[in-house]
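K.L.:
A predicted structure for the sequence below; I have some questions about it.
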Amino acid sequence: MPEQTIIPAPPLTAHGEETRLKLITAATPEFIDQGFRAARVQQIAKNAGVRLSAINYHFGGKDGLYLAVLRHHGELAIQQRPLLTDTEQSLQQHFRFMIHSLLQRMLDDSQGCQLAQLILREMVNPTAAQDDIFQRFQYPQMQQVFSLLRQILPHADQTTLLRCTLSLFGQCIIYVLARPLILRTNPDLLSYSGWLDDIEDHIVRFSWAGLMALQEASHA
């Protein structure tokens, strides 16, 4: 994978920061809908209401803008919905907190974070930004999940912990990835009042039962 070329951004002013945010906001749906390669910088600039040259000035080009979009939504996800909490709770409550945060990041449109959709695009058609996002966001977040699972399954090996982590992420992101299929199967599943809470309850009950089964098996 070629290394992402990062051109230093110009010194920020209030106006410059506003322009950068406009471009990131306009670029987000374009990159999600079209993917990085097919995304049109002319359309992004038009939707942002700025000159095309502003992309080069603030981000050094399309590559830099795409990386800035990914980083923006990654930072937004961590800021708005951290996976772990310092409050005194049981392991099962900590586990629910983590699932809640993952689902809110991925499915609550009011959060403004669209990292899940961007990452799905990136996994299907990888770009040079993939390593940066893995090191900056994905790996540290996976390590946080690992740290909680190690407490729940103190006798599990690394392979088991990884499989559990992937299963948890998979159960959450499937509602983004398979949304068209879900809506065709049951149009009401993602639309009634409380649907997100019900998905959270299901994943927590389903996954906790599986983790307890693994814990019991380790003592057999």
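P.N.:
That came through fine. Residues are numbered from 1 along each chain as shown.

K.L.:
Could you list the low-confidence segments of this structure?
P.N.:
Residue ranges of the chain with pLDDT under 70: 1-15, 220.

K.L.:
quick one: the helices in it?
P.N.:
Assigned by DSSP state H, the helices in the chain fall at 14-38, 41-48, 53-59, 62-80, 91-107, 115-124, 130-133, 139-152, 158-177, 179-185, 195-218.

K.L.:
Make TSV out of these and add mean neighbour count.
P.N.:
C-betas here are computed from N, CA, C, even on glycine. Conversion of those to TSV gives the following (neighbours: other C-beta atoms under 10 Å):
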stretch	mean neighbour count
helix 14-38	16
helix 41-48	17
helix 53-59	18
helix 62-80	20
helix 91-107	19
helix 115-124	18
helix 130-133	17
helix 139-152	16
helix 158-177	16
helix 179-185	11
helix 195-218	14
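
K.L.:
Break the protein down into its structural domains.
P.N.:
As given by automatic domain parsing, the domain ranges for the chain are 14-72, 74-218.

K.L.:
quick one: the residue nearest to Leu70 when sequence neighbours are not counted from Thr19, how far?
P.N.:
Leaving aside its chain neighbours, Leu70 sits nearest to Ile133 (5.2 Å; criterion: C-beta to C-beta, 6 or more residues apart in numbering). Per C-beta to C-beta, to the nearest Å, Ile133 is found 23 Å from Thr19.

K.L.:
before we move on, what about Ala48?
P.N.:
Per C-beta to C-beta, Ala48 is found 8 Å from Thr19.

K.L.:
so what sits against both of the two?
P.N.:
Residues touching both Ala48 and Thr19 by C-beta atoms under 8 Å, 6 or more residues apart in numbering: Ala54.

K.L.:
Pull the number of nearby residues for Ala178.
P.N.:
Counted with other C-beta atoms under 10 Å, the neighbours of Ala178 add up to 12.

K.L.:
For it, give me phi and psi.
P.N.:
phi -100, psi 20 (degrees, to the nearest 10).

K.L.:
which residues touch it?
P.N.:
By C-beta under 8 Å, 6+ apart, Ala178 has no neighbours at all.

K.L.:
next one: Val41
P.N.:
Leu52, Ile55, Lys62, Leu65.

K.L.:
could you redo the last one with a cut-off of 7 Å?
P.N.:
With contact set as C-beta atoms under 7 Å, 6 or more residues apart in numbering, Val41 has these partners: Leu52, Ile55, Lys62.

K.L.:
Please report how far the last one lies from Ala128.
P.N.:
What that stands for is Lys62. From Lys62 to Ala128 the distance is 11 Å (C-beta to C-beta).

K.L.:
The closest residue to Ser147 other than its chain neighbours: neighbouring residues, count only.
P.N.:
Take Ser147 and drop its neighbours on the chain: the residue closest to it by C-beta to C-beta, 6+ apart is Leu84, 7.5 Å away. When neighbours are counted by other C-beta under 10 Å, Leu84 registers 14.

K.L.:
And Leu84, its phi and psi?
P.N.:
phi -120, psi 150.

K.L.:
right, and it touches Phe146 too?
P.N.:
No: shown here, Leu84 and Phe146 do not form a contact pair, counting by C-beta atoms under 7 Å, at 11.1 Å.

K.L.:
Would you mind stating the distance between Ser101 and Leu181?
P.N.:
In terms of C-beta to C-beta, Ser101 sits 25 Å off from Leu181.

K.L.:
just Tyr57 next, same as before
P.N.:
For Tyr57, the distance to Leu181 equals 42 Å [C-beta to C-beta].
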